[in-house]
Structure formats: C-alpha cells, structure tokens
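*Asks:* No letters, just coordinates:
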C-alpha cells in the first residue's frame, strides 16, 4: 500500500516553538492538483473540522454548467496517526488547506471484515478468509508478519475444530446443487467458527443433525430428479408439496380429536374431541355392570352403584388423546387403535371385596384341586394310565385384581376360565405310554426276597411301586424311598440293644433290659444298594441280608441253646451247651451303689474274648491290682473270672450287697475252669 499512495503523500514538519501547529509542505505533483490522479489508488476526501458532518466538507452549490464541466475526484488519503495534521483536497481542485483531523488507528478486525466484504462482492461463490489489516504506513515486513499470524490462527482453528467434509455434488441440477452446497458450506463454517454456549450442547447437536438431514434430503431429491425434465420437476414438486401440506394439516387436526377407528376402554371415540368423548363416556358409568362368568357356565354380576362407582375426573380422556401419535394418522384408517387406560374413578373398596367374597366362583373352600394324568396301580394290581382331573381351582388373587381392573377401565366382562389352574399332564401325553412300559418293566421284580434271621421280606408290586419315582428322563428307583424301607426293616428285625422275652432256668419268662451288644444289627446301606441293583436288573431271586452285628444263632432271639445266664437277685450262674446245663454255681456280682463302676449292668452281651493269667486293674487307676487264672470279657470292661481270694463260704446270696465286686462276676475256681474251657467268643451272656 505504501507504493500505491506514494504520489499523494503529505509531508509535515514540526512547528516552531512548543505546542505550535506543524508546518505543511505541499510537494504534491501538479497532476494531482489538476485532478489527474493515478488509477492505482482512490483517495476519499475528508471534510475540514467545523464543517457540516463529522469532519466532512460541505460542497458549495454549483450551476448546471459548472457541474458538467468539472468532475469531483475522490482521493483516499494516507491514514495518519491520531493527532497529526493532514491536507484535504477540495472538490474544485483548489489549493490544499491545512486541517487538523483526528484519525483512529487502523482496526485489524474491522479492516479484515471490509476486505472480506469487498472480496465477496467480487467473487460471491468463493469463501473469503478473514484477515487483520495492518496500520497505514507499515512496512512490507509488518504486512507479512500480520499475514503469517492470520494463517497460523486459521491453522489453529482447523486443529481445534476440524471442518466437516461436504460430499461433492454433480452438475445435473446446477441451481439446486449450488444452493445446497452454499447452505452446507455456511452450516459447516458456522459449526467450525462458532461455539455453542454452555448448557445448549444438546440444542446445538439437534440443529447440526437437522442441517445434515436437510443436506441428505436435498441430495436424495437431486438424485431422484436426475434425468427428469424441468417442467415435470415442477409438477412433481407441486404434488409433493400439496400432499405434505394435507398430511401436516391432518396431523395438526388429530392433535385435537381422536383418530379414526379408535376405541377408548371399549367405547368408539373415533373422530371425537375431548369434549365429545367425555359426553359419550360419562353417562355410561351410571349403568355400569361387571359380568363374571364362572367355570360351570353360570354368571354373576357386580353393579357399579353397589360399590358407589363414580368419576372423579375426566382428565384420563385428555391423557389418552395426548398419548396418540397424530403423525401416524394415515395408518388409523386401516388398523384399529384400542386404547386401554385406567379411568379416574372412585369406589367403595370394602363393598367390592365383600361382593367378590360371596361369589361362588371365588370361594376357595369348594374348589377341587387339579390332578395330572399319571400311571399307577389300579384295584386289580395292574398298572394303567389315570386320566387328568381338571378341578375347579382358579388363581383367586389374579382374578380379583382383574375384576378391579375391569371396573377401573370400563370393561364389562370377566371370564374366570382365563384364571383356571389346569393340570400340567394330560392322558394324551405320549410320555405316559413310555412311563407305563417302564412301570411294567419294574414290576417284573415282584417276588424279590430278602431273608432275615427271623422272617423273610418279599418285595411285592405295591412295595416296588412305592420305591419308584418319576423324573425328567423317566422312572428310577428312588434311593430315599429305599432307605425309608430299610429303616422299617431295621425296626422290625434288629434285636441289638432292644428288650426281648427270655425264659429263665426255672421256666419263668422275663423281660431283658434293653442294652448290651448282643443281637442283630442290619447293614441298611448295603441292603439298600442291593435292592436298587436288583430292581434295575428286574431280578426276582432270594438273598441273605447283610448285618453290622450278627449273633451266633437265629433261634431264641439269637441266643440259640448255648449261652450263659446270670441272675443278680439269686447270685447264681448257669451255662448251657447245645441245650444241656453244663455249669450251675453261686457267684458274687458287683456291689449295688451309686458308683457306676461298682455295679454289674443288666442286659444281653456277647463274649468279647477270653484268656488265662490276666492281671485285673492297676494300683494307680483302680486302687487294686489282682492276678486271675481265667478271664472271660464282656461289656468292654466287665467280665467273668475266678476269685481265689474269696473263700467258698463267701459265695452267698447277700454277699454282693456289702462286699460285692467292682462290676465283674466272681466265680469259684473249679466252676470257672469248666466255663473257660467251653466258652465260645460271641456267645451270649444274659444278665437280669
């Protein structure tokens, strides 16, 4: 710019003295004075201070001839710093006058906008980048610096907010393409140059999406109209506009009325407004009756007046109207729109509950439970399919809730069949035939026998039926049911630790005190596993049961005819061998005191072991230590042994009362020798 205004420079010199005005030296060429100014720079005339306008010179009136003969040249002067004095060329080309003009400093932003506006006037289709204009009189280096700063700021804006790419458009419809492209460029430039204010991000995103959608729609229309003549395009656009207008009008109308084929809680309200629908529905509540259809076909009724049913507000109709999608109105002509909404009504809850309670269909005491079809044994012992039982049970809670829902929504019918609890398995089920076959296969094991010491147990069809369960994959032998059977057998056949009848030496029958370790104890785990195995194999044989403990014999409660009998009251011992009395001798048993280790315990025990020359007790533990020749152990620490420290005269019936043993049975040496030589480990010792 310095080169452009070189020929119109004004040179000022400081005035003499302090505060004086500067002198003006006019070095302007004659070509400028005469009005012949170079075309490279137009200089605008500025008026002198004090004249009309803000620093502008008011032109003197001229005659018509004078105006024709003279041309006014507008010359742009070089901008001076604030406070400098510049010369202004008058319109008539007269001599320059000294005027003091206050000129503001150049504004880079405003100058940049003016430059951008000038560029847009010359090239309206080209995007103009804003730049800051340097101050007048600056050097070429300063202008380059400003240009570099502008470019760097532009690059920073690109990095901070990348521009959205715009899809290139074809030239088939140049006018539509230019408009769409111009709008797209403007929206993109706005999106990149402007930042939405805080709290409006969502709104800004909606606008951006709307712009994108509009651009996409324009592209679609452009593609659609490619190859269509201009006249036809206008016709089609007119038709589309008319259709769109009709659509929007009806969409607006259906925001105030219900769409066609609409029912509100069963009432037809199509094409009705809120007021009209309210007038139709409100009188209906006075005559409302709920019909309850029972399972047997009978009907009961609940009148709205009986429960004081009335409307509190008709606002629910307005809510239903607002809830419909008015933009889907074309579909409503072909499809029903059934609206079900809870009405704003009030009723007497106690009266309503009392009415339902008295209805036959809601009485639980008379309901019959449903039964699934199943395979079971009939009266003849054969397995057949028993058909299902429908029953009369309903889901009472759900039915009551639906009755209330019907009353609140205006529905006039409640069918209890909808709440009927039905069987899950019917006789037509193919799996039942498979089950029947499986049942008959298990029944082949009928007659399976297990032999106990006293009486055998036979698995009949009924017993096997009680051991079978039905699972997802078919029938199976239920282990829990088998173990329950084992518990029954143990109670029936075990003799260990139980009281039993015993015939004494003199033929008197006494009860043996429960306890002891002699008798039968069933091994129920082993026997149960064997039963499951035999049933799965459809076996029908006979098998001995397994025991945890087993006596030597099966007769006489397992005692047989070989055992040792001891009477505490008689202080006497008898030994039987194969039914013959082998030994009959007096003894001394434990002394009856409160000390548990001094008494001889009653019951039936087995001989644990027997040996010779045994030291009984210890000084440290028992306070005594005694050597015996013969020892027969039973009940863990008790036993039968000789007592050589006793005289034969001490074996009396009362000796044990004041000088009894420590729980053992003291026996004379001669008798003890015979007993020891004939005793068998496991033989019973009966003490009563």
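*Replies:* Noted; the coordinates are in hand. All of these numbers come straight from a predicted model, not from anything done at the bench.
*Asks:* which residues touch the residue lying closest to residue 394 once chain neighbours are set aside?
*Replies:* Distances taken as CB to CB, 6 or more residues apart in numbering place residue 419 nearest to residue 394, at 4.5 Å, with adjacent residues excluded. Placement of C-beta: from N, CA and C, glycine included. The neighbourhood of residue 419, defined by CB atoms under 8 Å, 6 or more residues apart in numbering, consists of 394, 395, 396, 398, 399, 402.
*Asks:* Now go through these and say which are in helices.
*Replies:* 396, 398, 399, 402 (DSSP state H).
*Asks:* Kindly supply the PyMOL command isolating those of these that are buried.
*Replies:* To isolate the buried ones among the ones in helices among the contacts of residue 419 in PyMOL, judged by 16 or more other CB atoms under 10 Å, type:
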select buried, resi 396+399+402
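*Asks:* just so I have it, where are all the helices in the stretch 401-550 of the chain?
*Replies:* Secondary structure of the stretch 401-550 of the chain, counting by DSSP state H, counting those that start in this stretch: helices at 430-442, 461-467, 479-493, 524-536.
*Asks:* Show me what the shortest one is packed against.
*Replies:* With contacts taken as 3 or more CB pairs under 8 Å, 6 or more residues apart in numbering; DSSP states H and E, helix 461-467 sits against strand 374-377, helix 479-493, helix 524-536.
*Asks:* quick one: which of those is nearest residue 637?
*Replies:* Nearest to residue 637 among the helices and strands packed on helix 461-467 is helix 479-493 (28.1 Å), distances taken as CB to CB.
*Asks:* And the closest one, what's buried?
*Replies:* Under 16+ other CB under 10 Å, the buried positions of helix 479-493 are 482, 485, 486, 489, 490, 493.
*Asks:* Got the confidence number for the last one?
*Replies:* We have a pLDDT of 93 for residue 493.
*Asks:* Now do the contacts for it.
*Replies:* Contacts of residue 493 (CB under 8 Å, 6+ apart): 452, 453, 454, 455, 520, 522.
*Asks:* mind redoing it with 7 Å?
*Replies:* The neighbours of residue 493, taking CB atoms under 7 Å, 6 or more residues apart in numbering as the test, are 452, 454, 520, 522.
*Asks:* Columns pLDDT and neighbour count on top of these, output as a markdown table?
*Replies:* Shown next, in a markdown table, are the contacts of residue 493 (pLDDT from 0 to 100; neighbours: other CB atoms under 10 Å):
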| residue | pLDDT | neighbour count |
| --- | --- | --- |
| 452 | 94 | 18 |
| 454 | 88 | 13 |
| 520 | 93 | 22 |
| 522 | 95 | 24 |
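*Asks:* And those, which is closest to residue 650?
*Replies:* residue 520 (38.9 Å).
*Asks:* Against residue 505, how distant is the closest residue to that closest one other than its chain neighbours?
*Replies:* Of all residues not flanking residue 520 in the chain, residue 495 sits nearest, at 4.9 Å (CB to CB, 6+ apart). For residue 495, the distance to residue 505 equals 21 Å [CB to CB, to the nearest Å].
*Asks:* repeat for residue 480
*Replies:* 47 Å.
*Asks:* ok, and residue 222, which helix or strand is that part of?
*Replies:* helix 201-224 (DSSP states H and E).
*Asks:* what pLDDT, on average, does that helix get?
*Replies:* Here the average pLDDT along helix 201-224 is 68.
*Asks:* tally of neighbours for residue 426?
*Replies:* 13 (other CB atoms under 10 Å).
*Asks:* Same question for residue 411.
*Replies:* 17.
*Asks:* per-residue confidence at it?
*Replies:* Model confidence at residue 411 (pLDDT) stands at 86.
*Asks:* Spit out the contact partners of it.
*Replies:* Neighbour list for residue 411: 265, 266 [criterion: CB under 7 Å, 6+ apart].
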